[in-house]
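**Student:** Build me a structure from this.
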Amino acid sequence: MRVLVTGAAGFIGAALARRLCARGDEVLGIDSLNDYYQVSLKEDRVRNVEQAGEGRFHFRQADFADATALNETLGDEAFDAIVHLGAQAGVRYSLENPRAYVASNLMGHVNLLEIARHRGGLPMVYASSSSVYGGNDKLPFAVEDRVDHPVSLYAATKRADELISETYAHLYRIPLTGLRFFTAYGPWGRPDMAMWLFTDAILDGRPIKVFNNGEMWRDFTFIDDIVNGVVACIDNPPKDDDAPKAGGSVKPHALYNIGNNRSEKLTRVIELIEQACEREAEIEMLPMQPGDVEKTYADVDAIRDDLGYAPSVSIDEGVPRFVEWFRDYHAR
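**Tutor:** Below you'll find the predicted structure:
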């Protein structure tokens, strides 16, 4: 199988590309390499996948939000499936630069759907987000829950992607699978996320900022478990059989949560980082930030029942593995 992976220089995209190459697939990876966070990390991820891929990974720099550039980049390239992971990430940055989210997360998503459509209805797996649940207070979050009240523009664009995908599945019968990721972390992670920010600050002796005065819970999901779920969805596109799918569609469109099925208090994660760093954190307690939510917790029954998904890495194992990688990457 040859798979087109967008966001291939990103955290999840690079990890997925490496896994697919390891099992013998070929990967065509594209990424704009934008400067939302340091481009050097993205370039290092690409090099890491190229070295591990043994010629099965091919990378092209391209902005998938630009339809003309995307079509020119893909040209006559052949592939059997699409995994669209690229996006403008970050809840807080969406308050500062909303247009970047509209361009990347809406136009970019439509551009990939058009690629799938005009290449014979290729199956596509795409990244949604746990942020679509907004301020829902029913826990755990299940794919059947209503998601009509996003609290950030990032969340709104991801919910819009799900609705647009439902339309394409209806009109063009494209097999589509949307994945609501819950707080991915692990080696090669993102520097704008808490795990990286806390580890970096603790090792440097700087205070860490903890919002909502520490009353925060997250379903932290190790990158290996995230990738296991994505691969299962690549291998099992939804059928066009009028039967109800996860998320409620009767079109070939399924929605799944990919999480660890546990909600961990942020202060417990900080304790694990402190232990792995062998240093205590200096903590600055702050109020809740706009666009943030207090708790996330994934109900993974749908993807477990349909595809056998079973997360296996606890934070007690995953946090030390991240810190070990972080210290090695920065030679600390």
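**Student:** C-alpha only now, for contacts and for neighbours.
**Tutor:** Noted.
**Student:** Find out how far stretch 40-52 is from the centre of the chain, if you would.
**Tutor:** Relative to the centre of its chain, stretch 40-52 is centred 18 Å away, using Cα atoms, centre = their mean, to the nearest Å.
**Student:** contact partners of that stretch?
**Tutor:** With Cα atoms under 8 Å, 6 or more residues apart in numbering as the test, stretch 40-52 has contacts from 8-11, 14-15, 17-18, 21-22, 33, 56-59, 188.
**Student:** among these, which two are most distant?
**Tutor:** Greatest spacing in the contacts of stretch 40-52, by Cα to Cα: A22 and L33 (23.7 Å).
**Student:** higher neighbour count, those two?
**Tutor:** L33 (20 against 15; other Cα atoms under 10 Å).
**Student:** Quick check: chain neighbours aside, which residue is closest to H84?
**Tutor:** Using Cα to Cα, 6 or more residues apart in numbering and skipping residues adjacent in sequence, the residue nearest H84 is Y126, 4.6 Å away.
**Student:** Find the nearest non-adjacent residue to R146, please.
**Tutor:** Going by Cα to Cα, 6+ apart, R146 has Y133 as its nearest residue, at 7.6 Å.
**Student:** Now do the strands in this protein.
**Tutor:** Ranges of strands within the chain are 2-6, 26-31, 57-61, 81-84, 124-127, 176-181, 184-185, 208-210, 217-218, 221-222, 253-258, 264-265, 283-285, based on DSSP state E.
**Student:** right, so the ones you listed: which one is the most enclosed?
**Tutor:** strand 253-258 (a mean of 29; mean count of other Cα atoms under 10 Å).
**Student:** contacts for stretch 57-65?
**Tutor:** In contact with stretch 57-65 (Cα under 8 Å, 6+ apart) are residues 6, 8, 17, 21, 26-33, 46, 49-50, 69-70, 73, 103-105, 107-109, 111-112.
**Student:** Out of the helices and strands in this protein, which is least certain?
**Tutor:** strand 283-285 (a mean of 89; mean pLDDT, DSSP states H and E).
**Student:** Which other helices and strands does that one contact?
**Tutor:** strand 208-210 (3 or more Cα pairs under 8 Å, 6 or more residues apart in numbering; DSSP states H and E).
**Student:** Can you give me the distance of V300 to T157?
**Tutor:** Taking Cα to Cα, to the nearest Å as the criterion, V300 is separated from T157 by 23 Å.
**Student:** of those two, who's got more company?
**Tutor:** T157 (24 against 21).
**Student:** wait, that one sits on V102?
**Tutor:** Yes. If you go by Cα atoms under 8 Å, T157 and V102 touch, sitting 7.0 Å apart.
**Student:** Next, the contact list for the closest residue to E144 other than its chain neighbours, please.
**Tutor:** Of all residues not flanking E144 in the chain, G247 sits nearest, at 5.2 Å (Cα to Cα, 6+ apart). Shown in contact with G247 (Cα under 8 Å, 6+ apart): V143, E144, A254, L255, Y256.
**Student:** Widest-spaced pair of those?
**Tutor:** Checking these with Cα to Cα, the most distant pair is E144 and A254, at 11.1 Å.
**Student:** Give the residues shared as contacts by those two.
**Tutor:** Common neighbours of E144 and A254 (Cα under 8 Å, 6+ apart) are A246, G247, G248.
**Student:** from those residues, which is closest to S314?
**Tutor:** After measuring the shared contacts of E144 and A254 against S314 - Cα to Cα - the closest member comes out as A246, at 25.4 Å.
**Student:** how about the closest one, what does it touch?
**Tutor:** V143, E144, A254, L255, Y256, A302, I303.
**Student:** again, only this time at 6 Å
**Tutor:** A254, L255 (Cα atoms under 6 Å, 6 or more residues apart in numbering).
**Student:** How much space separates it from A276?
**Tutor:** Distance from A246 to A276, by Cα to Cα: 38 Å.
**Student:** Same question for R60.
**Tutor:** 37 Å.
**Student:** Noted, bye for now.
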